[in-house]
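Colleague: Attaching a predicted model along with its sequence, questions to come.
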Amino acid sequence: MITDMTISNFRCFSELYVEPLARVNLFVGMNNAGKTSILDAAELLAVGKVEALARSAIRRGELILASRDERGELPEHVVDPSYLFHGREELRAGKSFSIEGRGLEHQWVHCKAERASSETLIMTLRFESHSSEEAGRLTLSPAGGVLAPPRGRPKPGPRVNFLGTEALDSDRLSQLWDAVVLTPGEEGVTAALRLIEPRIERFALVGEGRSASPRIVLKLEGLERRIPLGNLGGGLRHLFALALNLSSAAGGVLLVDEIDTGLHYTVMADMWRLIIESARRFDIQVFTTTHSLDCVRALAEVREKYPSLAAEVALHRIDKDAPRTVVYTMDEIAVAARGSIEVR
Amino acid sequence: MPPASSSLHRLLVEGPDDQHTIIHLLLRHGFDWDDPTAVRPYIQASGGVDRLLEEVPVTLKGPYERVGVVVDSDLDLTDRWAQLRHGAARVGIALPVSPEPGGTIVDGLRPGSKIGFWLMPDNSSPGMLENFLRLLIPPDDPCGPYAGEAVTEARRRGAPCKEKDHAKSVLYSWLAWQEEPGLPFGTALKARIFTHDSEAALLFVGWFRRLFADP
């Protein structure tokens, strides 16, 4: 588990210190303050491999229009890495960023743009932890892009899952399903779905391999037909994605952008309970963001009902251009909820 | 419409009496609480000094541009100031050793933000809102000084009101003798029973404007 993080010249941060990090970390702040960038930084650190570099760029659509290769095929993604560096300028030699995480393990990511020849820029990358070290070089195309490594099946080992605000695509759904089906995690997912719809008995993925778009169906108590997940609304779909991502990230890291998506305020405290209990049980560190006041206030409710769960949560606000985050204790969150004091 | 609770300008007070006193005193100085283009604080009444003292550090940490705190000195101004200083220090804000006579204003945590403190009645004496309001009794009022004598005499005759609440007893007695007896503080200000331009009132309004209205 990472207990603190120093981010230098990465995305919108020139320098940011984030401390203390807990098992579950919630980041709030105004638009464009850098909430998602914190998740991106934690992801790079947690994945610790060159392939991680492209992940956030692809999610954000920081791509370069690619031309066909020698076989006449279009590459899947050509990433524009310049946005990873602070300042949003075109990439030039000498620019660098680093992310350092401390905890049981000391982890470090460093990336620097260098000139390989008069025309060619390269990016050198170093990923270090006490148990491993990886270095890589990526050569930039004349247009300033790097080819994203092909997305294959995930390798064994702790997983780093990122759940964004968009719906899960069928690839991702199949991957997560594979990781969960017939494991103890499957029961956890069903329990999560019951937070919103208590009549849910089972869920399953149908159409995999035969259909272009496999989908999740549910068995509801008292109903003969099986019901598509999408039929039951956005909140249920989001909880499902959350639970599936939690159950398949044992020993790893889960990053969730806008954790409250689609959820009514009455289920917020239960959502937190699901997240914190699962994170504990599966030994996952969670980094997440929200704009929702209900989502933050629900933490005060969790503190009152389940104090030991609340002790696993840290709330950070990112203020634009501030050198460190503002951290709230659970007691302070309770005072804020009572007095309608803004923390976001 | 007055500012919403989501306003990034916030004034923390102990209770509704403080709230209405401030609203109506400022109204008499031409402050427009309904002007959406003006910088206006949302006034949060904490529900007692203990709650207020808990809320001060949490509010100072918040994303606010301006935070004001109006609190009674009560029996010991030095103690109350020490409590506020301690709360501010907890979140990394250093307050001066003693409050400024005209109200204290210092920089907040966020770049460009300001925070202000006003200790009732005047940042230098012990007391409470009611002491401040006593300073707003018109100087030529025939019964102003007499209200004090009357309360002392009442206590001598066995009235159970306490010495520490003397200012409260005096003020409510005086309000009881007006044409419309017993108006609440805000309403009495609106009805011009209190003055709005005594020295104490002007100092307070000056502090308020420096904190909230000045850029």
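Modeller: Cool, got the structure.
Colleague: Contacts for stretch A:46-62, please.
Modeller: The contact list for stretch A:46-62 (CB atoms under 8 Å, 6 or more residues apart in numbering or on different chains) reads A:2, A:40, A:43-44, A:63, A:77, A:79-81, A:83-84, A:107, A:109, A:111, A:125, A:127, A:129, A:132, A:134, A:136, A:138, A:146, A:148-149, A:160, A:162, A:164, A:252-253, A:285. C-beta here means a position set from N, CA and C on the backbone, and glycine is covered the same way.
Colleague: Mind doing that once more with 7 Å?
Modeller: Residues outside stretch A:46-62 that contact it (CB atoms under 7 Å, 6 or more residues apart in numbering or on different chains): A:40, A:43-44, A:77, A:79-81, A:83-84, A:107, A:125, A:127, A:129, A:134, A:136, A:148-149, A:160, A:162, A:164, A:253.
Colleague: Pull out the buried residues from the residues you listed.
Modeller: Buried by 16 or more other CB atoms under 10 Å in any protein chain shown: A:40, A:43-44, A:77, A:79-81, A:83-84, A:107, A:125, A:127, A:148-149, A:160, A:162, A:164, A:253, out of the contacts of stretch A:46-62.
Colleague: Please list the members of the residues you listed that lie in helices.
Modeller: A:40, A:43-44 (DSSP state H).
Colleague: Now do the residue located most distally from the centre of chain B, the pLDDT please.
Modeller: The centre of chain B is farthest from one residue, B:Arg157, which by CA atoms, centre = their mean lies 32.1 Å away. We have a pLDDT of 97 for B:Arg157.
Colleague: separation between it and chain A?
Modeller: Between B:Arg157 and chain A the distance is 42 Å, computed by CB to the nearest CB, to the nearest Å.
Colleague: Which residues are in contact with the closest residue to A:Cys111 other than its chain neighbours?
Modeller: The spatially closest residue to A:Cys111, leaving aside those adjacent along the chain, is A:Leu125, at 5.0 Å (CB to CB, 6 or more residues apart in numbering or on different chains). By CB under 7 Å, 6+ apart, the contact list for A:Leu125 reads A:50, A:53, A:111, A:135-136.
Colleague: Those residues into JSON lines, with extra columns for secondary structure and pLDDT?
Modeller: Putting these into JSON lines (DSSP: H, G, I helix; E, B strand; the rest coil; pLDDT from 0 to 100) gives the following:
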{"residue": "A:Val50", "secondary structure": "coil", "pLDDT": "82"}
{"residue": "A:Leu53", "secondary structure": "helix", "pLDDT": "86"}
{"residue": "A:Cys111", "secondary structure": "strand", "pLDDT": "95"}
{"residue": "A:Ala135", "secondary structure": "strand", "pLDDT": "88"}
{"residue": "A:Gly136", "secondary structure": "strand", "pLDDT": "87"}
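Colleague: just those residues now: which is nearest chain B?
Modeller: Chain B lies nearest to A:Cys111 out of these, by CB to the nearest CB, at 28.8 Å.
Colleague: and the closest one, how many neighbours?
Modeller: Neighbour count for A:Cys111, taken as other CB atoms under 10 Å in any protein chain shown: 24.
Colleague: can you list the residues of chain B near chain A?
Modeller: When proximity is defined as CB under 7 Å from any CB of the partner chain, chain B approaches chain A at B:5-6, B:44, B:46, B:54-55, B:58-59, B:61-64, B:110.
Colleague: Could you point out which of those is nearest to A:Lys35?
Modeller: Nearest to A:Lys35 among the residues of chain B next to chain A is B:Pro63, at 13.2 Å by CB to CB.
Colleague: Can you give me the neighbour number for the closest one?
Modeller: 18.
Colleague: And for A:Ala167?
Modeller: Other residues close to A:Ala167 by other CB under 10 Å number 13.
Colleague: Remind me which helix or strand the residue in chain A sticking out farthest from the centre belongs to.
Modeller: Within chain A, A:Ser118 marks the point farthest from the mean C-alpha position, 37.8 Å out by CA atoms, centre = their mean. Element membership for A:Ser118, per DSSP states H and E: none, as it lies in no helix or strand.
Colleague: That one and chain B: what is the separation?
Modeller: 42 Å.
Colleague: Tell me the predicted confidence for the nearest residue to A:Tyr265 once chain neighbours are set aside.
Modeller: Ranked by CB to CB, 6+ apart and with sequence neighbours excluded, the top spatial neighbour of A:Tyr265 is A:Asp294, at 3.7 Å. pLDDT recorded at A:Asp294 is 92.
Colleague: which residues of chain B fall in helices?
Modeller: Using DSSP H, helices in chain B cover B:16-28, B:49-61, B:77-90, B:129-134, B:144-156, B:166-176, B:185-190, B:199-208.
Colleague: Which strands and helices lie in contact with the fifth one?
Modeller: Here helix B:144-156 touches helix B:166-176, going by 3 or more CB pairs under 7 Å, 6 or more residues apart in numbering or on different chains; DSSP states H and E.
Colleague: which parts of the helix it packs on are buried?
Modeller: For helix B:166-176, a neighbour-count test (16+ other CB under 10 Å) marks B:166-175 as buried.
Colleague: export those residues to CSV and tack on pLDDT?
Modeller: Below are the buried residues of helix B:166-176 laid out as CSV (pLDDT from 0 to 100):
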residue, pLDDT
B:His166, 94
B:Ala167, 93
B:Lys168, 95
B:Ser169, 96
B:Val170, 96
B:Leu171, 97
B:Tyr172, 97
B:Ser173, 97
B:Trp174, 97
B:Leu175, 97
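Colleague: can I get the CA coordinates of the worst-scoring helix or strand of chain A on mean pLDDT in CSV?
Modeller: In chain A, the helix or strand scored least confidently by mean pLDDT, DSSP states H and E is helix A:170-180, which has a mean of 81. Written as CSV, here are the backbone C-alpha positions of helix A:170-180 (Å, rounded to 0.1, in the frame of the first residue of the first chain):
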residue,chain,number,x,y,z
SER,A,170,-17.6,-6.0,-23.9
ASP,A,171,-13.8,-6.8,-23.9
ARG,A,172,-13.4,-5.4,-20.5
LEU,A,173,-16.6,-7.1,-19.3
SER,A,174,-15.4,-10.5,-20.4
GLN,A,175,-12.0,-10.0,-18.8
LEU,A,176,-13.6,-9.0,-15.4
TRP,A,177,-16.1,-11.8,-15.6
ASP,A,178,-13.3,-14.4,-16.2
ALA,A,179,-11.6,-13.1,-13.1
VAL,A,180,-14.7,-13.4,-10.9
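Colleague: quick one: contacts of that helix?
Modeller: Here helix A:170-180 makes contact (CB under 7 Å, 6+ apart) with A:154, A:186, A:189, A:205, A:208, A:213-214, A:216, A:244-245, A:247-248.
Colleague: on that earlier part again, report the contact partners of the residue farthest from the centre of chain B.
Modeller: Contacts of B:Arg157 by CB under 7 Å, 6+ apart: none found.
Colleague: Give me the pLDDT value at B:Gly116.
Modeller: Reported pLDDT for B:Gly116: 98.
Colleague: Surely it and B:Ile105 touch.
Modeller: Yes. Using CB atoms under 7 Å, B:Gly116 is in contact with B:Ile105, at 4.4 Å.
Colleague: Residues that sit against both of the two, list them.
Modeller: B:Leu211.
Colleague: residues in contact with B:Gly116?
Modeller: By CB under 7 Å, 6+ apart, B:Gly116 lies in contact with B:68, B:103-105, B:207, B:211.
Colleague: one more time with 8 Å
Modeller: Residues near B:Gly116 by CB under 8 Å, 6+ apart: B:66-69, B:103-106, B:207, B:210-211.
Colleague: any idea which of the contacts of helix A:170-180 has the most stuff around it?
Modeller: Neighbour max across the contacts of helix A:170-180 (other CB under 10 Å) = A:Val189, 29 neighbours.
Colleague: quick one: what helix or strand has that one in it?
Modeller: Following DSSP H and E, one finds A:Val189 within helix A:184-194.
Colleague: No more questions from me, cheers.
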